[in-house]
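Q: Here you go, sequence then predicted model.
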Amino acid sequence: MAGQVKNLKIKGGRFYARVSVPAHLRPTLGKSELVTALGGERRAAMRALPAAVATLQRQIAAAEAKTAGDRMDDLRTPITTADYGSAVWKRYQAMLAEDEAKRDRLPSGDAIEAEQDRLMQRAQAGQIALADPLAVLDASLDLLVMKDAQAFDQSARRAKLDALRADLTENRTHLVEHEIDAYLDRHSLTAPEGSAERATLAKRLMRAEIEALHGAPFKDWVLPGALEQIRRKLQGSSDGDRQMVKILGAVLTEGMPEVQKACAEALSQSVHSADVILNILSRRRDPEPAPLLLTSPALRLTHEPVADCARYDLLRRAS
């Protein structure tokens, strides 16, 4: 009988697919059973039944995943202002590392010149059919790619910069959503979709990326005392931004007062590099050397040892 077919329900001469909702998911789905209509013709209903049941089971699986995610969120800590700062600095550092890796991969002037010489040697040796434009183009492709690599990289940076600026203006955050999720997962934090906390984090990450791509981070920042002096001195360095990121990154672990003191000490020595400042911070973290043991007067030597053979002979004769 049709009523005995699993997941098939007949009501009023019409056929339905049905799947029972597990008890623990009923508050989430608001139902004890999921049902979808299959029509009034039995053969057509039987053909459509497997696909309809699969669809209903996917709805239950999605509810199960959401419930599990909610339970995980309950174990996570809500994001705080300090977490915003940490996320921004980590993104800065990641972008600088990515940028440095890209620069390392770009062909150098020497490499381009070497490829050009190799191409000329091939042409002089008759290995390139100079009368055939396609053969010349094929042989020159590697050189053309090497020459245009830097221009292409700059073009890609400008395109991403324009996209980030447009999204920030329009309150779109899709370009940094994966960064947000990755940071939240790594640190067991929660910032639900649509929440003000998530929107704030997204905007700060986008501004961080814009500043890094634009090549002018920290320009509008008001930094205290010695830190501001260090920033100004580093502006003249080719890697000043990278050094400043290292110094400001130390604020997260050492605290602003300690970083300020380290900057002031570096300035007093007429230096301002990040390595020196981080060195000072590291040195201050190290424990003080143990005090020297004081020697009792009774244990002190009356005659200090002296490398004097004549004196040794004199003492021997006296004895």
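A: That came through fine.

Q: Arg198 and Arg207: what is the separation?
A: 15 Å (Cβ to Cβ, to the nearest Å). Where you see a C-beta, it was placed from the backbone N, CA and C, and this is true even at glycine.

Q: higher neighbour count, the two?
A: Per other Cβ atoms under 10 Å, whichever of Arg198 and Arg207 has more neighbours is Arg198, with 19 against 15.

Q: what residues are up against that one?
A: Applying Cβ atoms under 8 Å, 6 or more residues apart in numbering, we find Arg198 in contact with Ile180, Ala191, Pro192.

Q: wait, the second one sits on Leu184?
A: Okay, so that is Ala191. Yes: Ala191 lies in contact with Leu184 (Cβ atoms under 8 Å); the separation is 6.0 Å.

Q: quick one: common contacting residues for these two?
A: Ile79.

Q: which one of those two has more residues nearby?
A: Ala191 (24 against 20).

Q: which ones are touching the more buried one?
A: Neighbours of Ala191 in contact, by Cβ under 8 Å, 6+ apart: Pro78, Ile79, Ile180, Leu184, Glu197, Arg198, Leu201.

Q: is it true that the fifth one lies in a helix?
A: Yes: Glu197 forms part of a helix when assessed by DSSP: H, G, I helix; E, B strand; the rest coil.

Q: I'd guessed it sits against Ile79; true?
A: Yes: at 5.1 Å, Glu197 counts as touching Ile79 under the criterion of Cβ under 8 Å.

Q: more crowded one of these two?
A: Shown here are Glu197 and Ile79; by other Cβ under 10 Å, Ile79 has more neighbours (22 against 17).

Q: separation between the more buried one and Glu41?
A: 55 Å.

Q: go on, Tyr84?
A: 60 Å.

Q: Filter the contacts of Ala191 down to just the ones in helices.
A: Ile180, Leu184, Glu197, Arg198, Leu201 (DSSP state H).
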